[in-house]
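S.K.: Can you look at this prediction? I've put the sequence above it.
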Amino acid sequence: MSARLSLGGPLARLAGFALLAAALGAVGVFHVWTHTRVVAQGYELARLESEHRRLAAERERLRLEVTTLRAPGRLEKYARTRLGMAPPAHGAVVAGGKGGGGKAGAVVGAGSGRTGPAEPAALVSVARR
């Protein structure tokens, strides 16, 4: 008689159960790992959305500040007070060439009604004393 292997013995069933338990355990660990990753990414998304809102508010504040700083009245005040600039005297500016849209050598500002010194305001106030 020949010895026959029995595949249905208690050792084979135990190995099958162990393999099934290991597979279920791996699936459980994978499920828990993916769940923690989803939660962590949710927290990261909330943090990034908060930072986005903060940066958008700062961008709007800076845009408003730039608009304010570029206002013509403020630029003129800054040029006069901090830089000592003033409008040119009547007839002090002469166009040089045809690129300006006028005649070559024409006096710019003639009849513009602007009066004022051609020098910086600080020098004019010293000269008038």
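M.R.: Thanks, I have it.
S.K.: quick one: the strands in the chain?
M.R.: Listed in chain order, the strands found in the chain under DSSP state E are 93-94, 107-108.
S.K.: Name every strand pairing with the first one and say which way it goes.
M.R.: The pairing partners recorded for strand 93-94 under DSSP bridges are strand 107-108 (antiparallel).
S.K.: Averaged pLDDT, the strand it pairs with. What do you get?
M.R.: Computed over strand 107-108, the mean pLDDT rounds to 54.
S.K.: What of stretch 76-88?
M.R.: pLDDT averaged over stretch 76-88 gives 90.
S.K.: CA atoms of that stretch as PDB?
M.R.: C-alpha atoms of stretch 76-88 as PDB (Å, rounded to 0.1, in the frame of the first residue of the first chain):
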ATOM      1  CA  GLU A  76       1.600 115.300  -5.900                       C
ATOM      2  CA  LYS A  77       1.800 116.000  -2.100                       C
ATOM      3  CA  TYR A  78       4.600 113.500  -1.700                       C
ATOM      4  CA  ALA A  79       6.500 115.100  -4.700                       C
ATOM      5  CA  ARG A  80       6.100 118.600  -3.200                       C
ATOM      6  CA  THR A  81       6.800 117.900   0.400                       C
ATOM      7  CA  ARG A  82       9.300 115.000   0.500                       C
ATOM      8  CA  LEU A  83      11.100 115.500  -2.900                       C
ATOM      9  CA  GLY A  84      10.900 119.200  -3.100                       C
ATOM     10  CA  MET A  85       9.400 119.200  -6.600                       C
ATOM     11  CA  ALA A  86       7.200 121.900  -8.200                       C
ATOM     12  CA  PRO A  87       5.600 122.400 -11.600                       C
ATOM     13  CA  PRO A  88       7.900 123.900 -14.200                       C
END
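S.K.: Same question for it: list its buried residues.
M.R.: Ala86, Pro87, Pro88 (16 or more other CB atoms under 10 Å). The way it works is simple: take the backbone N, C-alpha and C, and place the C-beta from them, glycine included.
S.K.: wait, doesn't the first one sit right on Ala92?
M.R.: No: proximity of Ala86 to Ala92 does not meet the contact threshold set by CB atoms under 8 Å, at 10.8 Å.
S.K.: Helices of the protein, start to end?
M.R.: 10-69, 72-81, 121-128 (DSSP state H).
S.K.: I appreciate the help and will end here.
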